[in-house]
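Asks: Got a predicted structure plus its sequence, pasted below:
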Amino acid sequence: MQSIAKRNSLLVAAAFVLLTSATFAQEKKQASLYDRLGGVYAIASVVDDFIERLLVNDVLNANPAIKEARARVPKAGLKYRVTELVCQVTGGPQKYTGRSMKDAHKHLNITEKEWDAMVADFKVTLNKFKVPAKEQEELIGIVASTKPDIVMAPAAGKK
Ligand code: HEM
């Protein structure tokens, strides 16, 4: 009798462990990228650092159209809009209110080389904030999906 009771309590313990890990797995699966990144305050901090980097990036500022926009566009507004966009596409409750990526960048003649310089800065920022590899990969994937709308000028001819 005692051994049956012992076996039963082992079974109950095993079932509990299985249930608990299944619940955790479910929760993990359901957490949006927005939540995994830490929500709007964390995302705004990442965007802030990233845009500060872009503003002093020599590769980007060698493009006269980008340099002109840098002087004309208030950086607080740009950070706000990029934050809104990142929040929305990662599953946050915010709604992006700016232009399409095509309309916002078409006058900037952004090249492949400039795109690569932006991605390099983005990675430096993500590492600075210790964003885990999985979340970095997802974010970089989202950014990459906008490339066809943003990179307009051919890489050749500009060095
Ligand atoms: C090399 C790459 C990029 C450069 C040099 C760049 C630069 C700029 C500049 C200068 C503006 C202001 C344009 C203006 O108002 O005249 C702008 C706007 C914006 N960019 Fe980018 N950008 C790049 C990539 C991206 C990416 C990858 C995203 C998001 C995934 C993004 C999101 C935005 C947003 C949301 C705005 C504001 C649009 C609005 O307010 O209507 N940009 N960008």
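Replies: Thanks, I have it.
Asks: can you list the residues of the protein near the ligand?
Replies: The chain has residues 60, 66, 69, 73, 78, 81-82, 85, 98-99, 104-105, 108, 110, 114-115, 118, 143, 146, 150 near the ligand, with proximity defined as Cβ under 6 Å from any ligand atom. In this view, the C-beta of every residue, glycine as well, is placed from N, C-alpha and C.
Asks: can we see that at 5 Å?
Replies: By the rule Cβ under 5 Å from any ligand atom, the part of the chain lying against the ligand is 69, 73, 81-82, 85, 98-99, 104, 110, 114-115, 118, 143, 146.
Asks: Give me the buried subset of these.
Replies: By neighbour count, with 16 or more other Cβ atoms under 10 Å, the residues of the chain next to the ligand hold Ala69, Arg81, Val82, Leu85, Ala104, Ile110, Glu114, Trp115, Met118, Val143, Thr146 as buried.
Asks: who are the neighbours in contact with the first one?
Replies: Ala69 is in contact with His107, Leu108, counting by Cβ atoms under 8 Å, 6 or more residues apart in numbering.
Asks: Now the residue in the chain that the ligand sits nearest to, what are its backbone angles?
Replies: Here the residue of the chain nearest the ligand is Gly98; by Cβ to the nearest ligand atom that distance is 2.9 Å. The phi and psi values for Gly98, taken as degrees, to the nearest 10, are phi -90, psi -170.
Asks: distance of the residue nearest the centre of the chain from Ser45?
Replies: Taking Cα atoms, centre = their mean, the centroid of the chain lies closest to Leu139, which sits 3.4 Å from it. Distance of Leu139 to Ser45, computed by Cβ to Cβ, to the nearest Å: 14 Å.
Asks: Ala62 too?
Replies: Separation of Ala62 from Ser45 (Cβ to Cβ) stands at 28 Å.
Asks: can you check Gly98 too?
Replies: Taking Cβ to Cβ, one finds Gly98 at 20 Å from Ser45.
Asks: Likewise for Val143?
Replies: Separation of Val143 from Ser45 (Cβ to Cβ): 17 Å.
Asks: Quick check, Gly39 in contact with Gly92.
Replies: Yes - between Gly39 and Gly92 there is a contact at 7.0 Å, judged by Cβ atoms under 8 Å.
Asks: between the two, which one's more packed in?
Replies: Between Gly39 and Gly92, Gly92 has the larger neighbour count (other Cβ atoms under 10 Å), namely 19 against 15.
Asks: For the protein, give me the ranges with low pLDDT.
Replies: Applying pLDDT under 70 to the chain flags the ranges 1-29, 153-159.
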